[in-house]
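Student: Fold the following and give me the result.
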Amino acid sequence: MLSALAVVATGSCGGLLATGRGFAADGRPPAGKAQLRGVWIASVVNIDWPSAPGLTPERLRTDFLGQLDRAVARGLNAVFVQIRPTADAFWPSPYEPWSQWITGVQGRDPGWDPLDFMVRSAHERGLAFHAWFNPYRVSMQPDVTALVPDHPARTHPEWTVSYGGKLYYNPGVPAARRFAQQAMLDAVRRYDVDGVHFDDYFYPYPVSGRDFPDDDAFAAYGQGWTDRNAWRRHNVDLMVSEMQQLVREARPDACFGISPFGVWRNDTSDPAGSATKAFQSYDGLHADTRGWIAKGWLDYIAPQLYWHIGLAVADYAELAPWWAAQTAGTDTLLWIGQAAYKVADPAQPAPWQDPAELSRHLDLNATLPQVSGDILFSAKDTWADRIGAVSRLQADHWQRPALVPVLPRLADGTPPRRPAVHARRHGTDGLDIDSPGSPAGRPAPFRYAVYRYDTAPGHDPVLDAAHLVAVVPAATGRFDDPDGPRDAWYVVTAVDRVGRESRPSTAVRTRAPRSGG
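Tutor: Model (predicted):
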């Protein structure tokens, strides 16, 4: 996820997107009702949470609830939480040791189940929980003997390779790939996660002057391959395609997606590539991200477009349309990784000193119908809101709530039953929302979407973004609107975990007009 630090080569490429199509009268692009609004919560080297190793369980729980509450306050609807950063676990795994990033000591039991707590707490707030795994990285240091004695990488050193000061499972060793898949699937099977998420780390980022040391693996498992780079891409393809099938078998409604480095290939290397002059994930990481979309292996792709509009070698205004073109006509949703961490960094160029830069990215996204969401990296930088850039983005684009986009493969499924809604007549103005139950074949409500109208909406109300005023966790079951108009009508839909909406409730009127006199 730190791949945006990779150096891009010098050169020039296409200019800014200069179009006003799709913009509303105020110059701001219209917002869709279904938008993924997410944040990455990184655990490796204690980037976001846990903020330090060895904190008490009470402090860890309090801090994580703070992460969730800030996400809700920012209008987000999903969190991407790193639960296997270095071949370890944030849950009691039978495959891998407890993570050192929790307790400070690899293998030390924290005495509670962080993953269970995190998933339940996110769902109580109506947030989708995406389990973020790093498939191959074993350790941030290169010595296998520094791992706990029963670590699988230590008991199977033939699975591992040291490169660039870190230790990895070798993607070219089939047994290592299968083990990593089963270790990740343990969490998918046992916990009610909404998605399985990989970031950009496949084969490691290249170290200058050093090739990845996989001679032995290629000799043992590369029979029939004359091009080692093609073999390496095949190995990563197997991880991705097999993981998709394994996740769907274990949890059919969970989504599987990847957040790759933002450049597949430059058009100077491949006519199908982008007009960029940057590092290429196809060649450098052996990750054929464009191919994964074409082959239908991903529910979504979230390229890390961590560059400003107008950057000569990797222009956001070139890359967002390029990725939109790759996903057009496919069942792969497109979400964009946004670099909140670059805002106001004095080492970054002038556009990142402008609080409007991130908002301009979403302006451009709104002209591309394939883009259905954004994910901010990372949590601590999002909450810091340096120079007000995240507040600006929220004010410009996220004033209204949003539902999560429905995966195309799940869109035809049965939605929840419509809820029963009652206007509260005493105390705080608002609604009480009840679920009439979930009979066989009907999913339970996860959220309630509340729509407000100035006049009676009739039997077929318009359920659009302009009328959506709240998305309420089903665990709450109530909606308060103390600042709403004196005379308003409301309808509510029940929304399941994957974003499917029920038929609307009967319209209710919560406030009577002021009496004259």
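
Student: what's near enough to touch D481?
Tutor: 429-431, 452, 469-470, 488, 510 (CB atoms under 8 Å, 6 or more residues apart in numbering). Just so you know, the C-beta spots here come from the backbone N, C-alpha and C atoms, and that holds for glycine as well.

Student: nearest to G291, of those?
Tutor: A470 (40.8 Å; CB to CB).

Student: surely that closest one meets P401?
Tutor: Yes: counting by CB atoms under 8 Å, A470 does reach P401; the two are 5.9 Å apart.

Student: Find residues that contact each of the two.
Tutor: Both A470 and P401 are in contact with A449, where contact means CB under 8 Å, 6+ apart.

Student: show me the contacts for the residue most central in space within the chain.
Tutor: What sits nearest the mean C-alpha location of the chain, by CA atoms, centre = their mean, is F80, with 4.9 Å. If a contact means CB under 8 Å, 6+ apart, then F80 has 38-41, 130, 132, 195, 197, 375 as its contacts.

Student: hang on, the earlier thing: please identify, among the contacts of D481, the one with the most neighbours.
Tutor: Of all these, L431 has the most neighbours under the rule other CB atoms under 10 Å, reaching 24 neighbours.

Student: Confirm that it sits in a helix.
Tutor: No: counting by DSSP: H, G, I helix; E, B strand; the rest coil, L431 is not part of a helix but strand.

Student: bridging residues for it?
Tutor: With DSSP bridges as the criterion, L431 is bridged to A423, F479.

Student: mind listing what it touches?
Tutor: 421-424, 450, 478-479, 481, 490, 492, 508, 510.

Student: which of those residues count as buried?
Tutor: Among these, the ones that count as buried by 16 or more other CB atoms under 10 Å are 421, 424, 450, 479, 481, 490, 492, 508, 510.

Student: Show me those residues that map onto helices.
Tutor: Taking DSSP state H, every one of the buried ones among the contacts of L431 sits outside helices.

Student: Can you get me a residue count around V462?
Tutor: V462 - counted by other CB under 10 Å - has 12 other residues nearby.

Student: which SS state does it fall under?
Tutor: Quick answer, by three-state DSSP: V462 is coil.

Student: what's the answer for D331, then?
Tutor: coil.

Student: For the closest residue in space to it that isn't next to it in sequence, give me phi and psi.
Tutor: Excluding its sequence neighbours, the residue lying closest to D331 (CB to CB, 6 or more residues apart in numbering) is P408, at 4.2 Å. Main-chain torsions, P408, degrees, to the nearest 10: phi -50, psi -40.

Student: Settle this for me: P408 is touching G329, isn't it.
Tutor: No: here P408 lies out of contact with G329, judged by CB under 8 Å, at a distance of 11.0 Å.

Student: More neighbours: which of those two?
Tutor: Legend: neighbour count by other CB under 10 Å for P408 and G329, higher for P408 (12 against 8).

Student: what about that one, distance to Y300?
Tutor: 10 Å (CB to CB, to the nearest Å).

Student: Can you pull the residues that touch both of the two?
Tutor: By CB under 8 Å, 6+ apart, the residues touching both P408 and Y300 are L333.

Student: Please, where are all the helices along the stretch 251-400 of the chain?
Tutor: Secondary structure of the stretch 251-400 of the chain (DSSP state H, counting those that start in this stretch): helices at 281-284, 289-294, 316-327, 357-365, 379-384, 389-397.

Student: starting at the chain centroid, how far to the fifth one?
Tutor: To tie it back to what came earlier, the one meant is helix 379-384. 15 Å (CA atoms, centre = their mean, to the nearest Å).

Student: same thing with the fourth one?
Tutor: Relative to the centre of its chain, helix 357-365 is centred 18 Å away, using CA atoms, centre = their mean.

Student: same question, the last one
Tutor: For helix 389-397, the gap between its own C-alpha mean and the chain's C-alpha mean amounts to 19 Å (CA atoms, centre = their mean).

Student: so what secondary structure elements neighbour it?
Tutor: helix 357-365 (3 or more CB pairs under 8 Å, 6 or more residues apart in numbering; DSSP states H and E).

Student: The helix it packs on vs helix 389-397, what angle?
Tutor: Taking axes from the mean of the first three to the mean of the last three CA atoms, to 10 degrees, one finds that helix 357-365 is oriented at 30 degrees with respect to helix 389-397.

Student: How about residues contacting the helix ranked longest in the chain?
Tutor: Ranked by residue count under DSSP H, the longest helix found in the chain is helix 228-250. For helix 228-250, the surrounding residues in contact (CB under 8 Å, 6+ apart) are 135, 171-172, 177, 180-181, 184-185, 188-189, 196, 198, 202-203, 212, 214, 218, 222, 225, 254, 256, 258, 282-283, 285-288, 291-292, 295, 297-298.

Student: Off-centre distance for it?
Tutor: On the basis of CA atoms, centre = their mean, helix 228-250 sits 20 Å off its chain's mean C-alpha point.

Student: dump the residue contacts of F117.
Tutor: 61, 64.

Student: That one: helix or strand, and which one exactly?
Tutor: Per DSSP states H and E: F117 is located in helix 114-124.

Student: Mind listing what's buried along that helix?
Tutor: 114-115, 117-119, 121-123.

Student: how about the strands in the stretch 401-517 of the chain?
Tutor: Taking DSSP state E, counting those that start in this stretch, the strands of the stretch 401-517 of the chain run over residues 420-424, 430-434, 447-453, 468-473, 478-480, 489-495, 508-509.

Student: So S502 is in contact with P415, correct?
Tutor: Yes: using CB under 8 Å, S502 makes contact with P415 at a distance of 4.9 Å.

Student: Report the angle between the host helix or strand of A180 and helix 228-250.
Tutor: Using DSSP H and E, A180 maps to helix 174-190. Put simply, helix 174-190 runs at 30 degrees to helix 228-250, going by the same axes, to 10 degrees.

Student: Can you give me the domain boundaries for the protein?
Tutor: 35-409, 413-509 (automatic domain parsing).

Student: most tightly surrounded among those?
Tutor: Ranked by mean neighbour count, the domains of the chain are led by domain 35-409 with a mean of 19 (mean count of other CB atoms under 10 Å).

Student: Could I get the average pLDDT for it?
Tutor: When pLDDT is averaged over domain 35-409, the result is 98.

Student: distance between the ends of that domain?
Tutor: One end of domain 35-409 to the other measures 17 Å (CA to CA, to the nearest Å).

Student: and the helices of the stretch 251-400 of the chain as a markdown table, adding distance to V343?
Tutor: Shown next, in a markdown table, are these (distance: least, CB to CB, whole Å):
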| stretch | distance to V343 |
| --- | --- |
| helix 281-284 | 24 |
| helix 289-294 | 26 |
| helix 316-327 | 14 |
| helix 357-365 | 7 |
| helix 379-384 | 7 |
| helix 389-397 | 4 |
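
Student: follow-up on the earlier one: what's next to the helix holding A180, contact-wise?
Tutor: With CB under 8 Å, 6+ apart, helix 174-190 has contacts from 83-84, 87, 89, 91, 93-96, 115, 131, 133, 135-136, 152, 156, 159-160, 169-171, 193, 196, 221, 235, 238-239, 242-243, 246-247, 250-251, 254.

Student: so where do the strands sit in the stretch 1-150 of the chain?
Tutor: Listed in chain order, the strands of the stretch 1-150 of the chain (DSSP E, counting those that start in this stretch) span residues 36-41, 78-84, 128-133, 137-139.

Student: With respect to A389, which of those lies nearest?
Tutor: strand 36-41 (14.1 Å).

Student: Direction-wise, compare the closest one with helix 114-124 and give the angle.
Tutor: Using the same axes, to 10 degrees: strand 36-41 against helix 114-124 is 150 degrees.

Student: And strand 36-41, what does it pack against?
Tutor: strand 78-84, strand 128-133, strand 333-339, strand 371-377, helix 379-384.

Student: residues contacting Q141?
Tutor: 165-167.

Student: which of these lies closest to S51?
Tutor: K166 (22.5 Å).
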